[in-house]
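Engineer: fold the following.
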Amino acid sequence: DGDMLNRANMIGYRSGFYEDRELEAAFDVVTRAGARALGLAEHGIAVGASADFVAMPARHVPEAVVAVPKDRTVYRRGKAVARDGKVLAG
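Structural biologist: The predicted model follows:
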């Protein structure tokens, strides 16, 4: 379905990941590693960055990977473009 957080969850599940560092590695595979492979290694949270990110109710990365919260908001260039799996108008 293209949901990269769901893929991180499946990587963790199929690999028997239970520790935080392992779940963080699964998250890295579907986020930072993909960006590095595309030559986008400079992406991240920093002043002047493109402000493309996903906000969700999770206290930390391992919790997000395990819970795969559905109530997420996707931001592109700092503006909300999708919420809870639906594209926003405009």
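Engineer: poorly predicted segments of the chain, please.
Structural biologist: Low-confidence segments of the chain (pLDDT under 70): 41-43.
Engineer: tell me where it has helices.
Structural biologist: 4-15, 20-30, 32-37, 61-67 (DSSP state H).
Engineer: now for the last one, which elements pack on it?
Structural biologist: The contact analysis (3 or more CB pairs under 8 Å, 6 or more residues apart in numbering; DSSP states H and E) places helix 61-67 against helix 4-15, helix 20-30. Any C-beta I mention is one placed from the backbone N, CA and C, and that applies to glycine too.
Engineer: now do the longest one: which elements does it pack against?
Structural biologist: In other words, helix 4-15. Using 3+ CB pairs under 8 Å, 6+ apart, helix 4-15 sits against helix 20-30, helix 61-67.
Engineer: now the ones you listed as JSON lines including mean neighbour count and distance to Gly44?
Structural biologist: Below are those laid out as JSON lines (neighbours: other CB atoms under 10 Å; distance: least, CB to CB, whole Å):
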{"stretch": "helix 20-30", "mean neighbour count": "17", "distance to Gly44": "12"}
{"stretch": "helix 61-67", "mean neighbour count": "19", "distance to Gly44": "14"}
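Engineer: would you turn these into CSV with distance to Tyr13?
Structural biologist: Formatted as CSV, those follow (distance: least, CB to CB, whole Å):
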stretch, distance to Tyr13
helix 20-30, 9
helix 61-67, 9
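Engineer: right, so of these, which gets closest to Gly85?
Structural biologist: Ranking these by proximity to Gly85 (CB to CB) places helix 61-67 first, at 15.4 Å.
Engineer: got the CA coordinates for the closest one in CSV?
Structural biologist: Taking Å, rounded to 0.1, in the frame of the first residue of the first chain, the C-alpha atoms of helix 61-67 are listed here in CSV:
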residue,chain,number,x,y,z
VAL,A,61,10.4,6.2,16.8
PRO,A,62,10.1,2.6,18.2
GLU,A,63,6.5,3.4,19.5
ALA,A,64,5.6,4.6,16.0
VAL,A,65,7.0,1.5,14.3
VAL,A,66,5.2,-0.9,16.7
ALA,A,67,1.8,1.0,16.8
